[in-house]
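# just coords:
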């Protein structure tokens, strides 16, 4: 590719372009391609920038998001959960608890926990989604679309867990906020 010829395969501009390609592949649901590219960028950024550099964490977050989408059963669930918990701990320490990338990774963890179909994981997903929602409301305001979507996601998780009254209340609140 042109970036590699112009700047070299490990140059920051090349790695940024490769990560953009990985993000686009993820958005197109081509998780295997996205994972391969994001892993390569993460490895190079870890080598050149360090384990806890924000750019490294950004690439690792995409690795995690792809692994969450690809995990369909044990032992993949457990392996991805361990990696995501490690990533979240590092993001919270370096970027902060309310940083958009940290919250996006928390949402990926919610997805992973929710797709396992176990009551204990469902409770964890609901608790974590509540944290995401509260952080979005605190940083963006209750009426911001990201806050409303976080509230609607909480309602969906609650419905799946059989928490009908809370689910309906939160779904209605999300709809009211969306319509305003």
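Structure's in. What do you need? Everything quoted here is computed from the prediction, not taken from an experiment.

# shaky segments in this structure?
Across the chain, the stretches falling below the confidence threshold (pLDDT under 70) are 1, 3.

# so which residue is dead centre in it?
Per Cα atoms, centre = their mean, the C-alpha nearest to the average position across the chain is that of residue 105, at 2.9 Å.

# that one reaches residue 67, doesn't it?
No: shown here, residue 105 and residue 67 do not form a contact pair, counting by Cβ atoms under 8 Å, at 11.6 Å. Bear in mind the C-beta positions are built from the backbone N, C-alpha and C, glycine included.

# show me which residues of the strand or helix carrying residue 107 are buried.
Counting by DSSP states H and E, the element that carries residue 107 is helix 100-114. Residues of helix 100-114 classed as buried: 101-103, 105-114 (neighbour count, 16 or more other Cβ atoms under 10 Å).

# and the next helix or strand past that helix?
Next along the chain from helix 100-114, counting by DSSP H and E, comes helix 119-140.

# check which helices and strands that next one sits against.
Packed against helix 119-140 by the contact rule (3 or more Cβ pairs under 8 Å, 6 or more residues apart in numbering; DSSP states H and E) you find helix 100-114, helix 145-160.

# looking at these, which is nearest to residue 80?
helix 100-114 (5.9 Å; Cβ to Cβ).

# so what sits against both of residue 105 and residue 67?
residue 84 (Cβ atoms under 8 Å, 6 or more residues apart in numbering).

# how about residue 145, nearest residue that isn't a chain neighbour?
In space, and not counting its chain neighbours, residue 145 is closest to residue 178: 7.7 Å by Cβ to Cβ, 6 or more residues apart in numbering.
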